[in-house]
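Visitor: Kindly return the folded structure for what I paste below:
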Amino acid sequence: TKPLTAMKMWGFKWKKRATVDEYAGNKKDIPSSTVETEALEAVAKRYAGGWDIDRIFVDLGDASVINSIFAHAVDDYRLKTEAAVAKTIQEKATAVDGS
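Guide: A predicted model of the protein is given here:
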């Protein structure tokens, strides 16, 4: 994982995955296979929030309301981004047939 440094990201997905097989040992030929990837590109999603609150909570130095707002905002961000990631994983998942 790397920090986000631009709105676009690049990566890859496997089109043909690496495989292994049993090996006889003792300098016999090793099993080999070909691999193939496909380039991917995505744009980062943006999230934001703003709240209209009474200045009294800032002016009198009681940070509890402000802290609570930010704590709830962080929790909401976590829930929404986790849901978005889970949805993408389900949509893009490769079916496994068990063989």
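
Visitor: Helix, strand, or coil at G11?
Guide: strand (DSSP: H, G, I helix; E, B strand; the rest coil).

Visitor: Excluding chain neighbours, give the residue nearest to it in space.
Guide: Among residues not flanking G11 along the chain, L40 sits closest, at 5.0 Å (CB to CB, 6 or more residues apart in numbering). Backbone N, C-alpha and C define where each C-beta goes, glycine included.

Visitor: Need the pLDDT of the one you found.
Guide: At L40, the pLDDT value in this model is 94.

Visitor: show me the contacts for it.
Guide: 10-13 (CB atoms under 8 Å, 6 or more residues apart in numbering).

Visitor: Any chance of the backbone angles for it?
Guide: phi -130, psi 150 (degrees, to the nearest 10).

Visitor: and if you look at I66?
Guide: According to degrees, to the nearest 10, I66 has phi -60, psi -50.

Visitor: So for this structure, the centremost residue is which one?
Guide: Nearest residue to the geometric centre of the chain (CA atoms, centre = their mean): V85, 5.8 Å.

Visitor: Hmm, K45 is touching A84, no?
Guide: Yes - the criterion here is CB atoms under 8 Å, and K45 meets it with A84 at 6.7 Å.

Visitor: The two: who's more crowded?
Guide: More neighbours surround A84 than the other of K45 and A84, with 12 against 9 (other CB atoms under 10 Å).
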